[in-house]
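*Asks:* need a 3D model of the following:
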Amino acid sequence: MTVRLRLDLAYDGTGFSGWAAQPSLRTVEGELSAALATVLRAATPVSLTVAGRTDAGVHARGQVVHVDVEPGALASLPGRSDRTPEEALRNRLGGLLPSDVVVHRVHRAPPGFDARFSALERRYLYRLADADAPRDPLRRHDTVWWPRSLDAAQMDEAAHGLLGLEDFAAFCKRREGATTVRTLLEYRWARLDDGVLAATVRADAFCHSMVRSLVGALVAVGEGRRPTSWPAQLLHRSARASEVRVMPAHGLSLEAVTYPPDSELESRAEAARARRERPRAGDVDG
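*Replies:* Numbering: from 1, shown residues only. Below is the predicted model of the structure:
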């Protein structure tokens, strides 16, 4: 019987071809799996389950992973030290992982925990420096420089019209057999103290390219090319809207993943695995 561990980590996505392991490409999963295999002396790559599979160039401050390990391999890690096996694993990973990946915490997962399916929500941040914001070269890897001025108030107003349980097919790159129905819990725009425009986006889950497409739709509003009602009108589309720009990846960061109390982890995972459908007109929640 294996022991399930939860790993909380962060990474700079600049030098990675995304999270998911791919042959001949540098990925976050590839680096972490290889480091775990070395520490645990595993004969084969260690299998990981992640809360959110970020694309190439996307960063993370609050990524969550679970991994199942052999109890004996875990127990041997502290050696003669008084560290817990989990502390020993975190320290050893710190010595093996490249500087653009950091594991902040390792601990035993409670029963029923699944890094992907037990999650209640994911929160992303998108940073955008428009023509009215200063260009900070020290933030060039996590902030998109935009050549035109943007109206933050108009963008924020339009964002509110996208909230709720909807089919976001117009904002997603569809994957075979996957639903595009999601619950968008929060979408807001604000100008930060440094002048940068920041979008906060929270949902129960996201489909491929959804956040960057949501940002692209609101940029069109902020430039005055589209009315504030336009993004919500796209929710009636059953296929991707080609007129919506997918914004650059490097402005996006996974900030946090939220989970329910331990007693609800298993039921949450079961509910998340069920295929979601958009409510039809006249449907009533019971």
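
*Asks:* so what's the residue nearest to residue 127 when sequence neighbours are not counted up against?
*Replies:* The shortest distance from residue 127 to any non-neighbouring residue, by CB to CB, 6 or more residues apart in numbering, is to residue 143 (4.2 Å). C-beta coordinates here come from the backbone N, C-alpha and C atoms, glycine included. Applying CB atoms under 8 Å, 6 or more residues apart in numbering to residue 143 gives the contacts 127-129, 136, 196, 250-251.

*Asks:* rebuild those residues as TSV, extending it with pLDDT and secondary structure.
*Replies:* Below are those laid out as TSV (pLDDT from 0 to 100; DSSP: H, G, I helix; E, B strand; the rest coil):
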residue	pLDDT	secondary structure
127	98	strand
128	98	strand
129	98	strand
136	95	coil
196	97	coil
250	98	helix
251	98	helix
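
*Asks:* what is the nearest of these to residue 103?
*Replies:* residue 250 (22.2 Å; CB to CB).

*Asks:* quick one: that closest one and residue 64, what's the gap?
*Replies:* Using CB to CB, to the nearest Å, residue 250 is found at 22 Å from residue 64.

*Asks:* those two: who's more crowded?
*Replies:* residue 64 (26 against 19; other CB atoms under 10 Å).

*Asks:* just the buried positions in the helix or strand where that one lies, please.
*Replies:* Per DSSP states H and E: residue 64 is located in strand 59-69. Of all the residues in strand 59-69, those buried under the rule 16 or more other CB atoms under 10 Å are 59-67, 69.

*Asks:* that one packs against which elements?
*Replies:* Packing partners of strand 59-69 (3 or more CB pairs under 8 Å, 6 or more residues apart in numbering; DSSP states H and E): strand 3-11, helix 28-40, strand 49-50, strand 252-258.

*Asks:* give me the contacts around whichever helix or strand comes after it.
*Replies:* Following strand 59-69 in sequence order, the next helix or strand is helix 71-75 (DSSP H and E). With contacts defined as CB under 8 Å, 6+ apart, helix 71-75 is touched by 1-3, 5, 40-42, 85-86, 89.

*Asks:* looking at those residues, which is nearest residue 255?
*Replies:* residue 5 (22.2 Å).

*Asks:* pretty sure that closest one sits against residue 77.
*Replies:* No: the pair residue 5 / residue 77 is not scored as a contact, 11.3 Å apart, by CB atoms under 8 Å.

*Asks:* quick check: neighbours shared by those two?
*Replies:* Common contacts of residue 5 and residue 77 (CB under 8 Å, 6+ apart): residue 89.

*Asks:* how far away is the closest residue to residue 11 other than its chain neighbours from residue 46?
*Replies:* The shortest distance from residue 11 to any non-neighbouring residue, by CB to CB, 6+ apart, is to residue 101 (4.5 Å). Distance, residue 101 to residue 46, using CB to CB: 15 Å.

*Asks:* ok, those two, which is more surrounded?
*Replies:* residue 101 (22 against 18).

*Asks:* residues contacting the more buried one?
*Replies:* 9-11, 28, 31-32.

*Asks:* how about residue 257?
*Replies:* So residue 257 contacts 51-52, 62-64, 115, 119, 121-123 (CB under 8 Å, 6+ apart).

*Asks:* will you turn the residues you listed into CSV that also has distance to residue 232?
*Replies:* Output for these, formatted as CSV (distance: CB to CB, whole Å):
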residue, distance to residue 232
51, 28
52, 25
62, 29
63, 30
64, 31
115, 32
119, 26
121, 21
122, 22
123, 21
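
*Asks:* highest neighbour count among those?
*Replies:* Neighbour-wise, those (other CB under 10 Å) top out at residue 63, 29 neighbours.

*Asks:* specify the beta-bridge partners of that residue.
*Replies:* residue 9 (DSSP bridges).

*Asks:* any idea how far residue 159 is from it?
*Replies:* Taken as CB to CB, the span from residue 63 to residue 159 is 24 Å.

*Asks:* ok, now residue 260?
*Replies:* 26 Å.

*Asks:* equivalent analysis for residue 177, please.
*Replies:* From residue 177 over to residue 159 the distance is 29 Å, taken as CB to CB.

*Asks:* compare these two (neighbour count), which wins?
*Replies:* Ranked by neighbour count (other CB under 10 Å), residue 177 and residue 159 place residue 159 first, with 25 against 6.

*Asks:* low pLDDT regions in the stretch 151-286 of the chain?
*Replies:* 275-286 (pLDDT under 70).

*Asks:* all set, thanks.
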